[in-house]
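Novice: show me the folded form of this:
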Amino acid sequence: MSDRPAKYTIIKRLVQPIIPIKKQLLEENPSHSLRLLSLYRRHLRLRPFISPRADIKQFYTDLVRLRFKENLELRRKQFTTPYAPLDEESIIERVIRTLEIVNNGCVDSSNSIERQIIRNILDVEYANKNIKMVPLMSVEYFKEQLWKGRGLDVVSEPKLYDWVDKIKTSNNSKKKNEQINLLTALKNHYESVASFNEVQKTLL
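Specialist: Presented below is the predicted three-dimensional model:
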């Protein structure tokens, strides 16, 4: 089957979608996991509009899968200040807001804020495959471990964020290399995304 959008498929901007989508989720899905599954599918339906390139569409699909499978609190603990865990209702509302940004990024012009946010996140996550010195929460690591027969819990391993402490150690040393610089840039990126998430109540 082709992943091209149907000839008459139209997506429109979402404006304040939390109340109507949340109401529908509560009516149609009896559990938190089923509500997340429904939102996961909504994200995947945007795949044809992410890019005309097949490789970027596939990468988007893999990244969405990773985000919905990972332990999000592991990532939030590392990069969110101040940190407080989210309850199930807050998670659902944030995933809906995230869907709004991705959807509107697909609808809007290439220079819109939403479009630039999505493009930047995809670019950074794609570049993570160039970091080889440490285990890293990335699409490449996720797919590689599943190919080796690991379970989905592989994305919930705390060791995948040990590199953050490695950067702190390296900052106290004069020894720097290209990989440390890449990790430092990645840490700065994740902290910026985390700050955006807290302000906008999203989970990008």
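Novice: what are the ranges of the helices in this structure?
Specialist: 18-28, 32-44, 47-50, 54-69, 72-79, 88-107, 113-127, 139-147, 162-171, 178-200 (DSSP state H).
Novice: and these, which is most packed in?
Specialist: helix 88-107 (a mean of 19; mean count of other C-beta atoms under 10 Å). In short, each C-beta sits where N, CA and C put it, glycine included.
Novice: ok so, going back, which stretch among the helices of the chain comes nearest residue 133?
Specialist: helix 178-200 (4.4 Å; C-beta to C-beta).
Novice: now the helices of the chain as a markdown table including distance to residue 133 and mean pLDDT?
Specialist: Converted to a markdown table, the helices of the chain look like this (distance: least, C-beta to C-beta, whole Å; pLDDT from 0 to 100):
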| stretch | distance to residue 133 | mean pLDDT |
| --- | --- | --- |
| helix 18-28 | 41 | 81 |
| helix 32-44 | 31 | 93 |
| helix 47-50 | 30 | 91 |
| helix 54-69 | 20 | 92 |
| helix 72-79 | 18 | 91 |
| helix 88-107 | 30 | 91 |
| helix 113-127 | 14 | 91 |
| helix 139-147 | 13 | 74 |
| helix 162-171 | 8 | 76 |
| helix 178-200 | 4 | 90 |
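Novice: pLDDT score for residue 12?
Specialist: Reported pLDDT at residue 12 in the predicted model: 68.
Novice: now residue 155
Specialist: pLDDT, read off for residue 155, is 64.
Novice: swap in residue 134?
Specialist: Residue 134 is given a pLDDT of 72.
Novice: for it, give me its contacts.
Specialist: Residues near residue 134 by C-beta atoms under 8 Å, 6 or more residues apart in numbering: 162-163, 166, 183.
Novice: where's residue 66 relative to residue 128, distance?
Specialist: Residue 66 sits 11 Å away from residue 128, going by C-beta to C-beta, to the nearest Å.
Novice: touching both of those two, which residues are there?
Specialist: 138-139.
Novice: mind putting the contacts of residue 134 into JSON lines with distance to residue 80?
Specialist: Listed next are the contacts of residue 134 as JSON lines, based on distance: C-beta to C-beta, whole Å:
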{"residue": "162", "distance to residue 80": "18"}
{"residue": "163", "distance to residue 80": "17"}
{"residue": "166", "distance to residue 80": "20"}
{"residue": "183", "distance to residue 80": "18"}
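Novice: wait, which of those is closest to residue 107?
Specialist: Out of the contacts of residue 134, the member with the shortest distance to residue 107 (by C-beta to C-beta) is residue 183, at 34.5 Å.
Novice: wait, the closest one sits on residue 165?
Specialist: No: between residue 183 and residue 165 there is no contact under C-beta atoms under 8 Å: 10.8 Å.
Novice: alright, that wraps it up for me.
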